[in-house]
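1. sequence plus the predicted model coming up.
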Amino acid sequence: MNQLIRCKTCDQVFMKGPYDAYPEYEVAPNYSSENFRRIERDDFQNFLSDHDGHQLESLKIIEDSYVSEKAYSEPIKVSFFKATNGRERFVVKKFRERIDEPLKYQLIFGDYSLKCVTIEIQSAEISKQLEDELKPPLSPEKIEAFVKLYGDVVQGFALEDLERIPEESRHPLEVYYKIDDVHLVYLLRKCRSLFKGQEYLAMEEFIHRHKDDGVLLLKATYNIELVEVAKPEKRTIPVFQPLEKEKVLWKK
């Protein structure tokens, strides 16, 4: 439904969609709230007018390249994705500064990567889950002791030692991993020094219940590292070589 278009002359991009020509409605001045003024618009035709005579091309968005600095549900954020014309790759910045303005797209020469900055346990979530689930309840001191113990067990973990869970996170920069079986056994063994009898059995069930898709998952937080480069210079073609005409798309 959407098509990303680049102006090769000035390196601006436009996301052509099905609603480009839909009118806007606003409350007319000096009218009651039941009366609206219809404002005709055609964003794509405006883009074509602004770039009349320029060379345009379609860009293909690279699958699974989207990343954002904030949660998917956040309407005001900066996001990035990658696109290509088949010969070059670009980064496209998608953003808006106010909720009432349309999305903007900016072409960037360069690349980005994700860098893991922290790996941590879900301390608050573990504590709350233990309070809600275990009956009879654990004392606050024992809950705090288990959270500290779990943090000590996973301290110093490297990403290559962890298994990523397949489910997508609600935040694009947060990824969840589960601990391996060796450290799981080590955690259970260490729990024997904190819990006895029925308390230990309850904790053992709790750990097995939440190790794969619950509060015992480790949360890794990433940063977006954007590297911009200078725009490549156009090659000079010798005069004795035949020139190929480049197709101009959507010429008015």
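-> The structure has been received and is ready for your questions.

2. buried stuff in stretch 97-110?
-> Of all the residues in stretch 97-110, those buried under the rule 16 or more other CB atoms under 10 Å are 105, 107-108. For glycine as for every other residue, the C-beta is placed from the backbone atoms N, C-alpha and C.

3. how about the residues you listed in a markdown table, adding pLDDT?
-> As requested, the buried residues of stretch 97-110 are exported to a markdown table (pLDDT from 0 to 100):
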| residue | pLDDT |
| --- | --- |
| Tyr105 | 96 |
| Leu107 | 97 |
| Ile108 | 97 |
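
4. now Leu159: how far from Pro102?
-> 38 Å (CB to CB, to the nearest Å).

5. next one: Asp42 from Lys16, what distance?
-> Asp42 is 11 Å from Lys16, where distance means CB to CB.

6. helices of the stretch 101-250 of the chain, start to end?
-> Secondary structure of the stretch 101-250 of the chain, counting by DSSP state H, counting those that start in this stretch: helices at 123-133, 140-154, 181-191, 197-210.

7. His171: which of those helices is closest?
-> His171 lies closest to helix 123-133 among the helices of the stretch 101-250 of the chain, at 14.4 Å (CB to CB).

8. can you list contacts of the closest one?
-> By CB atoms under 8 Å, 6 or more residues apart in numbering, the surrounding residues in contact with helix 123-133 are 137-138, 143-144, 146-147, 150-151, 206, 210, 214-216.

9. for the closest residue to Asp161 other than its chain neighbours, give me its contacts.
-> Nearest residue to Asp161, sequence neighbours excluded (CB to CB, 6 or more residues apart in numbering): Asp180, at 6.8 Å. Taking CB under 8 Å, 6+ apart, we find Asp180 in contact with 161-163.

10. give me that answer again for 10 Å
-> By CB atoms under 10 Å, 6 or more residues apart in numbering, the contact list for Asp180 reads 157, 161-163, 186.

11. Leu114 too?
-> Contacts here follow CB under 10 Å, 6+ apart; on that basis Leu114 touches 67, 172-173, 175, 220, 222-225.

12. could you pull out the strands for this structure?
-> With strands called from DSSP state E, the chain shows them at 3-7, 12-16, 24-27, 36-39, 56-61, 67-68, 78-84, 89-95, 104-108, 110-120, 163-164, 174-178, 218-228.

13. got those as CSV, with distance to Ser127 columns?
-> Putting the strands of the chain into CSV (distance: least, CB to CB, whole Å) gives the following:
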stretch, distance to Ser127
strand 3-7, 46
strand 12-16, 44
strand 24-27, 49
strand 36-39, 51
strand 56-61, 42
strand 67-68, 29
strand 78-84, 33
strand 89-95, 37
strand 104-108, 42
strand 110-120, 14
strand 163-164, 24
strand 174-178, 18
strand 218-228, 15
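
14. nearest to Tyr200, out of these?
-> strand 174-178 (21.7 Å).

15. Provide the strand pairings for the closest one, with the direction of each partner.
-> Using DSSP bridges, the strands paired with strand 174-178 are strand 163-164 (antiparallel), strand 218-228 (antiparallel).

16. so where's the stretch 151-252 of the chain shaky on pLDDT?
-> 234-252 (pLDDT under 70).

17. coming back round to it: Gln12: which of the strands paired with strand 174-178 is closest?
-> Within the strands paired with strand 174-178, the stretch nearest Gln12 is strand 218-228; the backing value is 16.4 Å (CB to CB).

18. distance from that closest one to the middle of the chain?
-> Distance of strand 218-228 from the chain centroid (CA atoms, centre = their mean, to the nearest Å) equals 10 Å.

19. ok, stretch 193-205 next?
-> 39 Å.

20. next one: stretch 2-9
-> 23 Å.

21. quick one: contacts of that stretch?
-> 12-20, 44, 47-48, 50-51, 53-61, 81, 83, 85, 88, 90, 92, 105, 107, 246, 248-250.
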